[in-house]
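Peer 1: Sequence plus the predicted model coming up.
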Amino acid sequence: MDESILDRIPRLERSVRFWRNTSFILAALLLSVVITGFGFLVVSYQHAAAMAAEMVAREQAEVARRQAERALQEAKQKGRKD
């Protein structure tokens, strides 16, 4: 350790700049990954909600179709009795 503190200052400053820049880049990458993941999560949730709504609508349509068929059959049977 023949090197004095004053001689080490430029090297330490370069090291600080390097690690500051590296930390900034890594933080930006982490933030972009988190934002992208959150975006995919929101889109996935919206897709699941749309699928659930579609399933409910199909079930309601099927129930309405069955009721219409029953009403038609009852009307036919009532017409035969008259």
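Peer 2: Right, received. Where do you want to start?

Peer 1: Only C-alpha atoms from now on, for both contacts and neighbour counts.
Peer 2: Will do.

Peer 1: Low-confidence ranges, this protein, go.
Peer 2: The model of the chain has pLDDT under 70 over residues 1, 82.

Peer 1: mind listing the helices for it?
Peer 2: According to DSSP state H, the chain carries its helices in the segments 5-81.

Peer 1: What separation do you get for residue 66 and residue 3?
Peer 2: Distance, residue 66 to residue 3, by CA to CA, to the nearest Å: 92 Å.

Peer 1: From the centroid of the protein, which residue is nearest?
Peer 2: The chain has residue 41 as the residue nearest its centroid, 1.7 Å off, counting by CA atoms, centre = their mean.

Peer 1: Looking at residue 66 and residue 3, which one has more neighbours?
Peer 2: The neighbour count for residue 66 versus residue 3, taken as other CA atoms under 10 Å, is higher for residue 66 (12 against 7).

Peer 1: And the residue nearest to the centre of the chain, how far from residue 62?
Peer 2: Per CA to CA, residue 41 is found 32 Å from residue 62.

Peer 1: same thing with residue 50?
Peer 2: Computed as CA to CA, the residue 50 to residue 62 distance reads 18 Å.

Peer 1: what does residue 36 give?
Peer 2: The gap separating residue 36 from residue 62 is 39 Å, by CA to CA.

Peer 1: for residue 31, same thing?
Peer 2: Residue 31 sits 47 Å away from residue 62 when distances are taken as CA to CA.

Peer 1: With residue 55 instead?
Peer 2: Distance, residue 55 to residue 62, using CA to CA: 11 Å.

Peer 1: And for residue 67, the neighbour number?
Peer 2: Counted with other CA under 10 Å, the neighbours of residue 67 add up to 12.

Peer 1: What distance do you get for it to residue 53?
Peer 2: From residue 67 to residue 53 the distance is 21 Å (CA to CA).

Peer 1: cool, and residue 60?
Peer 2: Using CA to CA, one obtains 11 Å as the distance from residue 60 to residue 53.

Peer 1: same deal with residue 63?
Peer 2: Using CA to CA, we find residue 63 at a distance of 15 Å from residue 53.

Peer 1: Over to residue 68?
Peer 2: From residue 68 across to residue 53, the span is 22 Å (CA to CA).
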